[in-house]
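Q: starting from these lines, generate the structure:
(one chain, ligands or ions: 1)
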Amino acid sequence: MKRGLPRPSNKAGTPIPYIAESGAKLGTAHLTRRLEVTQGWLCQVCGEPVGWPAYGVVCVDGSRWQPDWLLDHGLLHGACMRLSLDHCPVLGTWSGLLLLELNRADVTMTEHFQLVVPATVQERTAIDVSRFRQPGPATP
Ligand SMILES: [Zn+2]
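A: Take a look at the predicted model:
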């Protein structure tokens, strides 16, 4: 899987995240790349190292994944967060989700390579998702 932006697209024209199993299975993480992304502090969308602050999404209603785990166990660049919001059906509804602007010290890696952000840090780092829904160039 190639790294960086722009992302390759599947047959429907949807960009394929670096962490995805394949163009036909966008919602399933490729096991090796998932580990690579978390262990290497890479962006789950483009596969390049994140800078700080990086972005992460947590599910705060507990319905889809553990409340303190980052979405698909990975961080994102700002531009990649915007790309995800434009194309990901899970993020499209923005139901029960919280967007975090994180520094390295905010994120803990578990022994199972899950990236975890404690609830107190979530409260401190939460930002308004509409910041990434504005038209125009991706910011930051
Ligand atoms: Zn990225």
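
Q: list the contacts for the closest residue to F113 other than its chain neighbours?
A: Nearest residue to F113, sequence neighbours excluded (Cβ to Cβ, 6 or more residues apart in numbering): T38, at 4.5 Å. C-beta coordinates here come from the backbone N, C-alpha and C atoms, glycine included. T38 makes contacts with H73, G74, M109, F113, Q114, L115, as judged by Cβ atoms under 8 Å, 6 or more residues apart in numbering.

Q: quick one, helices of this structure?
A: In the chain, helices defined by DSSP state H lie at 31-39, 78-87, 89-93, 119-125, listed in chain order.

Q: picking that back up, so for the residue nearest to F113, what's the pLDDT?
A: For T38, the pLDDT comes out at 92.

Q: do the one 5 residues further on as well
A: The predicted local distance difference test score for C43 is 97.

Q: please identify the buried residues of the helix or strand of the chain with the lowest mean pLDDT?
A: Least confident helix or strand of the chain, by mean pLDDT, DSSP states H and E, is helix 89-93 with a mean of 82. By neighbour count on 16 or more other Cβ atoms under 10 Å, the buried set for helix 89-93 is V90, L91.

Q: that helix packs against which elements?
A: helix 78-87 (3 or more Cβ pairs under 8 Å, 6 or more residues apart in numbering; DSSP states H and E).

Q: quick one: list the elements packing against the helix it packs on.
A: So helix 78-87, by 3+ Cβ pairs under 8 Å, 6+ apart, packs with strand 54-59, helix 89-93.

Q: run the last query once more with 10 Å
A: Contact here means 3 or more Cβ pairs under 10 Å, 6 or more residues apart in numbering; DSSP states H and E; on that basis helix 78-87 packs against strand 54-59, helix 89-93, strand 97-102.
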